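> Quick one: sequence plus predicted model below, questions after.
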Amino acid sequence: MKKQLLLFFVFLTVGANYTIAQDTKDNNNNVNGYPLVSFDGSIGGNITKEELTKIDSLTVDGGDFTIFSFTFSTSVLGKLTECNSGSGKFSSEIKNLIALVKPGSKVFFENIMLIHNPTKSKMHAPAIIFTIE
């Protein structure tokens with residue numbers, strides 16, 4: 001009997017959460033209030049080096065979040081190089097690495113840590129990966 005009650009409770013909880021998420025979606029199937037970290041609106045794919053050098057920070061949309069930190073990595077001269085940022089902005093070291101990337105290279109914005117401004121709670125955002133055209 002206890003097992004049946006537990007399963008019923010889990011079923012109700014999952015169903016309620018699904019209904020709430022469906023009700024809060026906008027026309028683009030984004031859940032309202034959930035942060036979307038992007039690179040000038042893009043969350044990955046192919047990008048030209050010129051497009052990559054025009055932007056100097058990651059942005060976060062949705063909810064009241066700030067980018068706390070991230071790791072930038074790429075392969076330069078056959079060696080994987082990583083740089084950490086203590087904000088959403090690109091340091092001069094990151095900008096210098098971007099200037100050295102060659103077509104076909106991949107650049108990674110990973111370990112993106114967000115802070116929810118009112119509560120100061122932290123959460124991770126998905127990585128953003130680009131291939132240089």
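Done, it's in.
> How about residues contacting the host helix or strand of residue 38?
Element membership for residue 38 (DSSP states H and E) is strand 36-38. Contact with strand 36-38 is made by 30, 43, 58-62, 67, 112, 114, 125-126, 128, as judged by Cβ atoms under 8 Å, 6 or more residues apart in numbering. Glycine gets a C-beta too; all of them are placed from N, C-alpha and C.
> Repeat that for stretch 119-127.
By Cβ under 8 Å, 6+ apart, the residues outside stretch 119-127 that reach it are 35, 37, 43, 60, 65, 68, 108-116.
> That one: which residues count as buried?
By neighbour count on 16 or more other Cβ atoms under 10 Å, the buried set for stretch 119-127 is 125, 127.
> ok now that stretch, how far from the chain's centre?
With Cα atoms, centre = their mean, to the nearest Å as the basis, stretch 119-127 stands 9 Å off its chain's centre.
> CA-only coordinates of that stretch, as PDB, when you get a sec.
The C-alpha trace of stretch 119-127 is given here as PDB (Å, rounded to 0.1, in the frame of the first residue of the first chain):
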ATOM      1  CA  THR A 119      18.500  35.000  -4.100                       C
ATOM      2  CA  LYS A 120      22.200  34.800  -5.000                       C
ATOM      3  CA  SER A 121      21.800  31.100  -5.800                       C
ATOM      4  CA  LYS A 122      24.000  29.700  -8.600                       C
ATOM      5  CA  MET A 123      23.200  27.500 -11.500                       C
ATOM      6  CA  HIS A 124      25.100  26.200 -14.600                       C
ATOM      7  CA  ALA A 125      24.100  27.100 -18.200                       C
ATOM      8  CA  PRO A 126      24.700  24.900 -21.200                       C
ATOM      9  CA  ALA A 127      27.900  25.200 -23.100                       C
END
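> tell me the mean pLDDT for it?
Stretch 119-127 comes out with an average pLDDT of 93.
> mind listing the strands for this structure?
Ranges of strands in the chain, per DSSP state E, are 36-38, 45-47, 59-61, 65-76, 79-85, 106-116, 122-125, 128-132.
> Turn the ones you listed into TSV, including distance to residue 97.
Shown next, in TSV, are the strands of the chain (distance: least, Cβ to Cβ, whole Å):
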stretch	distance to residue 97
strand 36-38	19
strand 45-47	15
strand 59-61	20
strand 65-76	6
strand 79-85	6
strand 106-116	8
strand 122-125	21
strand 128-132	12
